[in-house]
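[1] got a predicted structure here, sequence first:
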Amino acid sequence: MDDPRKILTMKVGEMPGYGYDCSCGRHHSVDINKIISGSGVLKELPEALKPYAGRKMLVVADNNTVEIGGHRVKAMLDEAGYDTDLLVLETKGYPVLLPDETTVGTLLIHITDEVGILIGVGSGTINDLCKIVSYKMKLPFAIVGTAPSMDGYASVMAPLIVQRQKITYPAHYPVIIVTDTDLLNTAPLIMKQAGFGDVIGKYTALTDWRLAHKVKGDHYCAVTAELVQNAVDDCVANMDAYFGGSPEAVLKMNDTLLLTGISIGLIGYTRPASGSEHHLAHFWEIDAIARGVEHPLHGNSVGLGSIASAEVYKIMRTRFEVVDSVAPPDPDMLREIYSRAGMALTPMELGVSPELFKRSLNNGYRIRPRYTIFNFTMEQGMLPEIADRVTEIMCGGAR
């Protein structure tokens, strides 16, 4: 039997097809056919798609990503002799594409009997739409990433907006992931910050996982947690080079984003990558969508959410030994990291009002049936008190 710790030394491109019996008692596997990551690798896409030749390939993009890479991908595949169609998705009356029922339906009705594979060109929303629709249609899909803005490229989950609620649905891995760092490096700063925020949010996600294991007996895999934590620590160590546009640092960030997505597939649920910080981010996103205004990029919300969660941990660890035992991150350490990245440190900087922020602290945990520090605080009868204190700390008395 393979040493389960072997995966800690593997490169992301070596992981597709790898499986092992883990010391946590479960079998883990990476059911992706191919990950192509690096400088100039987009040109390898036609060769990687050879197993799917003979049927129509539907290239899916939005109004932004079609210009960044959609037209290029279609032209490249046409030149290689593939039969392709291009679908450009948009959400009428909203500034960005939403992964909601209408958009899912639009994608579904454009999948003819001739379509044999979906090829998404984009980041979060395009990836999630192709993932859930291909899963329901029992079709393979490939993703060409256009920004290092989130960790979902290699995830088996698809967050969608259904009846104005953010709900994460089980889906499947892409068969091929292509992340060309030359393309990723053209992404605007705010998208690079979003990917960074999604990565650093793992500090609180992993802490929530440890807390749920200790308090509720939830399954916990120490090897997977270490895999994610090591990657996060590497990204913090290289953050200045990443924001400076270093190709090597962008590749490292991209591989970390892929790795955290892979960790979800290894475990079969989102614990290694998502915790209370994501609940807060989803709460703010849902509120913005309900008001018809553009919400902050998900990873930027996750970054602020991780500071808020860490503030709750800081208060609760002085009162409860079990909270202290899971080694939560210090909120000021997170502030220092996000400050260096030029990211929002207060709700108002992100566009979240103090009232909405306080409401999210009191109610964000209801979004997912997943135990976090907010559930623990609620069980102690302390959540309203702690929500008031953290709002005061992070909003500075603003009303």
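    Received the coordinates, thanks.

[2] please, which helix or strand holds the residue positioned nearest the centre of the chain?
    Centroid-nearest residue in the chain, with C-alpha atoms, centre = their mean: D151, separated by 3.4 Å. Following DSSP states H and E, there is no helix or strand that holds D151.

[3] ok, the spatially closest residue to G292 that is not a sequence neighbour - contacts?
    Nearest non-adjacent residue to G292, counting by C-beta to C-beta, 6 or more residues apart in numbering: Y94, 6.9 Å away. Bear in mind the C-beta positions are built from the backbone N, C-alpha and C, glycine included. Counting by C-beta atoms under 8 Å, 6 or more residues apart in numbering, Y94 touches 289, 292, 294.

[4] one more: T106?
    For T106, the contact set (C-beta under 8 Å, 6+ apart) comprises L89.

[5] next SSE after the strand or helix carrying it?
    Using DSSP H and E, T106 sits within helix 101-109. From helix 101-109 onward toward the C-terminus, using DSSP H and E, the following helix or strand is strand 115-122.

[6] for the stretch 201-350 of the chain, which segments are assigned as helices?
    For the stretch 201-350 of the chain, the helices defined by DSSP state H, counting those that start in this stretch cover 202-216, 222-237, 239-243, 247-267, 276-291, 298-316, 321-325, 331-340, 347-350.

[7] mind listing what's buried along the first one?
    If I follow you right, that is helix 202-216. 202-213, 215 (16 or more other C-beta atoms under 10 Å).

[8] need the residues you listed in a markdown table with distance to T224 and pLDDT, can you?
    Below are the buried residues of helix 202-216 laid out as a markdown table (distance: C-beta to C-beta, whole Å; pLDDT from 0 to 100):
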| residue | distance to T224 | pLDDT |
| --- | --- | --- |
| K202 | 11 | 96 |
| Y203 | 15 | 97 |
| T204 | 16 | 98 |
| A205 | 12 | 98 |
| L206 | 10 | 98 |
| T207 | 15 | 98 |
| D208 | 14 | 98 |
| W209 | 9 | 98 |
| R210 | 12 | 98 |
| L211 | 16 | 98 |
| A212 | 14 | 98 |
| H213 | 12 | 98 |
| V215 | 19 | 98 |
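
[9] now, among those, which is nearest to G81?
    Closest approach to G81 among the buried residues of helix 202-216 (C-beta to C-beta): K202, at 42.2 Å.

[10] run a quick neighbour tally on the spatially closest residue to the closest one that is not a sequence neighbour.
    The shortest distance from K202 to any non-neighbouring residue, by C-beta to C-beta, 6+ apart, is to V232 (4.9 Å). V232 has 20 neighbours, counted by other C-beta atoms under 10 Å.
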